[in-house]
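Participant: Here is the input, now give the coordinates:
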Amino acid sequence: MTAPVPRRRARLTVAYDGTAFHGCAANPGVRTVAATLREALEQVLQVEVALVAAGRTDAGVHAWGQVGSTDLP
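Facilitator: From the prediction side, this is the model:
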C-alpha cells in the first residue's frame, strides 16, 4: 500500500469573460468555467483535481474575483 500524497488547500481567485461559458459550476455536457479551469489544472499538475467554486453564475455572465478552492499535491 502506498502512502497518500500530502496536499495543500489552494484558493483561486479568477476573472473571466463568460460569453462562451454556460455558467461557472461544473455541468456535464456543456462548457463551464469550473470544468475548463479544472482541466487546465489537471494538464499542468498531471493529477486529478477536485475544484469547488464558491458561487454560481448564469450562462454568459462575466466575473471579477470569483473564488474557488482545490487541494494540490
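Participant: So in that sheet, which strands flank the helix or strand encompassing T13, and in what orientation?
Facilitator: Under the criterion of DSSP states H and E, T13 resides in strand 8-16. Partners of strand 8-16 in the sheet, by DSSP bridges, are strand 63-72 (antiparallel).
Participant: Just the residues contacting the strand it pairs with, thanks.
Facilitator: Around strand 63-72, the neighbours that count as contacts under C-beta atoms under 8 Å, 6 or more residues apart in numbering are 7-16, 18, 24, 33-34, 37-38, 41, 45, 49-55, 57. All C-beta spots, glycine's among them, are computed from the backbone N, C-alpha and C.
Participant: mind listing what's buried in it?
Facilitator: Using 16 or more other C-beta atoms under 10 Å as the burial criterion, the residues of strand 63-72 that qualify are 63, 66, 68, 70.
Participant: again with stretch 45-58
Facilitator: Quick answer for stretch 45-58 (16+ other C-beta under 10 Å): 49, 51, 53, 57.
Participant: backbone phi and psi for the residue sitting nearest the centre point of the chain, please?
Facilitator: Nearest to the mean C-alpha position of the chain, counting by C-alpha atoms, centre = their mean, stands A34 at 3.6 Å. In terms of degrees, to the nearest 10, the main-chain angles of A34 are phi -60, psi -40.
Participant: Surely it touches G55?
Facilitator: No. In this structure, A34 is not within contact of G55 by C-beta atoms under 8 Å, at 10.4 Å.
Participant: okay, and the common contacts of those two?
Facilitator: In contact with both A34 and G55: C24, using C-beta under 8 Å, 6+ apart.
Participant: The residue nearest to the centre of the chain and A20, how far apart?
Facilitator: Per C-beta to C-beta, to the nearest Å, A34 is found 14 Å from A20.
Participant: which stretches of the chain have low pLDDT?
Facilitator: By pLDDT under 70, the chain has no low-scoring segment.
Participant: Okay, the closest residue in space to N27 that isn't next to it in sequence and P6: tell me how far apart.
Facilitator: Closest residue in space to N27, ignoring its immediate chain neighbours: A35 at 7.6 Å, by C-beta to C-beta, 6 or more residues apart in numbering. Distance of A35 to P6, computed by C-beta to C-beta: 26 Å.
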